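J.: predicted model and sequence below, questions to follow.
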Amino acid sequence: MKSFVLSMLGATLFGGALAQTPAATQWDLPTGYAVGSFQTENVQQFAADVAKASGGKLKIVLHPNGSLYKANEIKRAVQTGQAQAGEFILSGAANENALFGVDSIPFLADSYPAAKKLSDASRPAIEKLLAAQGMKLLFVSPWPGQSLYSSKPVETIADLKGTKMRAYNPATSRIAQLAGAQPTTIQLAELGQALATGTVENFLTSSASGVENKLYESVKYFYGVNAWLPKNAVVVQAKAFETLDKPTQEALLKSAAAAEARGWATSEQKNNEYLKELAAKGMKVAAPSEALTRELRKIGATMTAEWLKQAGPDGQAVIDAFSK
């Protein structure tokens, strides 16, 4: 009888302990990118890592391909608490504050090491901006660099003078102007036809776009100028982060650090794979000449100065830190 009472008491206490165990927290994380994108795969791995590291306390549900919110709505959705977390391209918010667009200043950081240095130099300013909007930066991950595709060989800037260069935003229009080319607005989906008809002769886009859009069928020359390496950011609403207990916060931040390191490594690996595929499809893939690199960096210096007028002292502090 005594052992029966003790076992019943133990069961009651165990049941009470279970009842007091808090339910797992679930977050939504929308992204505008497709399931097959290496960026989306990285975020999915991050979500899996968080669930494991937190012992199931925090579950992050990924909503890819703009299924929950469109790409340009995601930052605002996190900011207003409609979603607890989200992924967006940082330079897409440059209209709010020029600092968000620091990683898309042309020819400032034209390699993965330089882009990482610029990312580290700008991180405190980006974190401060996001914090003022009620968000916390978890991690960033770069896309391959924007490089030069051309129908004809390009050894110097003079080879671009008078040509028709595709433009798709103010920065690419400005690059064309400074290179002496004629900016021509063409959407990526229409680029193949524009090249076939001579409406466009050269343009800047990533190695990934070259493969995915079969641009090797229309142009012969690729120069790895890496005009800029734009980054995606994964952020969380600050209030949502603060509701987590300390161990779960630590698990989240540890998983985020791993995702950032993985994102940088995967982007560079994918870029190398894309370049090999472009070459295998018959494109002449080469590094830019010293003369072309030097002249493009002059364009970068001009556009950096123009950006600094918008970004002010905070922007100057970032450039100073990057230049050290």
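T.: Looks like it arrived, so ask away. Predicted model, so just to flag it, every value in this text is computed and none were measured.

J.: CA atoms for contacts and neighbours, from now on please.
T.: Will do.

J.: chain center to stretch 115-133: distance?
T.: 13 Å (C-alpha atoms, centre = their mean, to the nearest Å).

J.: could you do stretch 295-310 as well?
T.: 21 Å.

J.: give the buried residues for that stretch.
T.: Glu295, Leu296, Arg297, Ile299, Gly300, Ala301, Met303, Thr304, Trp307, Leu308 (16 or more other C-alpha atoms under 10 Å).

J.: those residues in helices, which ones?
T.: Assigned to helices by DSSP state H, the following of these qualify: Glu295, Leu296, Arg297, Ile299, Gly300, Ala301, Met303, Thr304, Trp307, Leu308.

J.: could you redo the residues you listed as CSV and give each row distance to Ser91 and pLDDT?
T.: Shown next, in CSV, are those (distance: C-alpha to C-alpha, whole Å; pLDDT from 0 to 100):
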residue, distance to Ser91, pLDDT
Glu295, 24, 97
Leu296, 21, 96
Arg297, 20, 95
Ile299, 19, 97
Gly300, 17, 95
Ala301, 19, 96
Met303, 15, 96
Thr304, 15, 97
Trp307, 13, 97
Leu308, 15, 97
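
J.: tell me the one among those residues nearest to Arg76.
T.: Trp307 (24.1 Å; C-alpha to C-alpha).

J.: ok, of the buried residues of stretch 295-310, which one's closest to Lys75?
T.: Nearest member of the buried residues of stretch 295-310 to Lys75, counting by C-alpha to C-alpha, is Trp307, at 22.6 Å.

J.: and the strands in the stretch 151-300 of the chain?
T.: 164-167, 182-185, 202-206, 221-223, 231-237, 284-286 (DSSP state E, counting those that start in this stretch).

J.: reformat these as CSV; add distance to Thr25, mean neighbour count and mean pLDDT.
T.: What follows is these, written out as CSV (distance: least, C-alpha to C-alpha, whole Å; neighbours: other C-alpha atoms under 10 Å; pLDDT from 0 to 100):
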stretch, distance to Thr25, mean neighbour count, mean pLDDT
strand 164-167, 45, 25, 94
strand 182-185, 46, 21, 94
strand 202-206, 38, 23, 94
strand 221-223, 48, 24, 98
strand 231-237, 14, 23, 97
strand 284-286, 48, 16, 98
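
J.: out of the ones you listed, which comes closest to Lys136?
T.: Minimum separation from Lys136 across the strands of the stretch 151-300 of the chain (C-alpha to C-alpha) falls at strand 231-237, 5.3 Å.

J.: and for the closest one, what's in contact with it?
T.: 78-79, 81, 83-91, 103, 134-143 (C-alpha atoms under 8 Å, 6 or more residues apart in numbering).
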